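**Q** A predicted structure for the sequence below; I have some questions about it.
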Amino acid sequence: MCGSGGDQPRASLGGGRRSPAEDLFYRLNVFTVALPPLRERADDIPLLIQACIREFNSRHGLSVEAPRDEALALLRNYDWPGNVRELRTYWNGRDPGENALD
């Protein structure tokens with residue numbers, strides 16, 4: 001699966017051949033999947049957080065459970081400008097002893 005924030009370069013190599021990157025772009029560009037930003041999908045946040053917690057627990061050998069309702073409300077109301085990547089980094093980049101909402 002590939003993603004792009006904009007149009008891919010259309011430059012081709014001499015002799016009418018496409019570069020490997022351009023060839024891959026055309027092979028994958030059969031259809032487009034439009035995915036709204038995370039701030040428009042607040043209902044997805046609890047499921048994404050559960051996946052992040054599983055990864056965090058696996059990495060640190062812990063058994064952290066779901067966030068409290070108050071914490072979940074704060075997370076759902078945040079705009080998440082970095083989308084899922086920011087959410088994942090937020091959870092998985094934390095020190096295991098750190099309060100997740102600090």
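**A** That came in fine, so what should we check first? Residues are numbered from 1 along each chain as shown.

**Q** where do the helices of the protein begin and end?
**A** Taking DSSP state H, the helices of the chain run over residues 20-28, 45-60, 69-77, 83-92.

**Q** touching the second one from outside, list them.
**A** It refers to helix 45-60. 38, 62-67, 72, 75-76, 84, 87-88, 90-92, 94, 96 (Cβ atoms under 8 Å, 6 or more residues apart in numbering). Bear in mind the C-beta positions are built from the backbone N, C-alpha and C, glycine included.

**Q** can you put the helices of the chain in JSON lines and add mean pLDDT, mean neighbour count and distance to Ala34?
**A** Formatted as JSON lines, the helices of the chain follow (pLDDT from 0 to 100; neighbours: other Cβ atoms under 10 Å; distance: least, Cβ to Cβ, whole Å):
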{"stretch": "helix 20-28", "mean pLDDT": "87", "mean neighbour count": "12", "distance to Ala34": "15"}
{"stretch": "helix 45-60", "mean pLDDT": "90", "mean neighbour count": "15", "distance to Ala34": "18"}
{"stretch": "helix 69-77", "mean pLDDT": "92", "mean neighbour count": "12", "distance to Ala34": "22"}
{"stretch": "helix 83-92", "mean pLDDT": "87", "mean neighbour count": "16", "distance to Ala34": "14"}
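
**Q** domains of the chain?
**A** Taking automatic domain parsing as the reference, the chain has its domains at 1-34, 38-92.

**Q** show me how far the last one is from its chain's centre.
**A** When distances are taken as Cα atoms, centre = their mean, to the nearest Å, domain 38-92 is centred 11 Å away from the chain's centroid.

**Q** span of that domain from start to end?
**A** 18 Å (Cα to Cα, to the nearest Å).

**Q** so who does Leu38 touch?
**A** Contacts of Leu38 were listed using Cβ under 8 Å, 6+ apart, and they are 44-45, 48, 80, 83-84, 86-87.

**Q** report the separation between it and Ala21.
**A** The gap separating Leu38 from Ala21 is 28 Å, by Cβ to Cβ, to the nearest Å.
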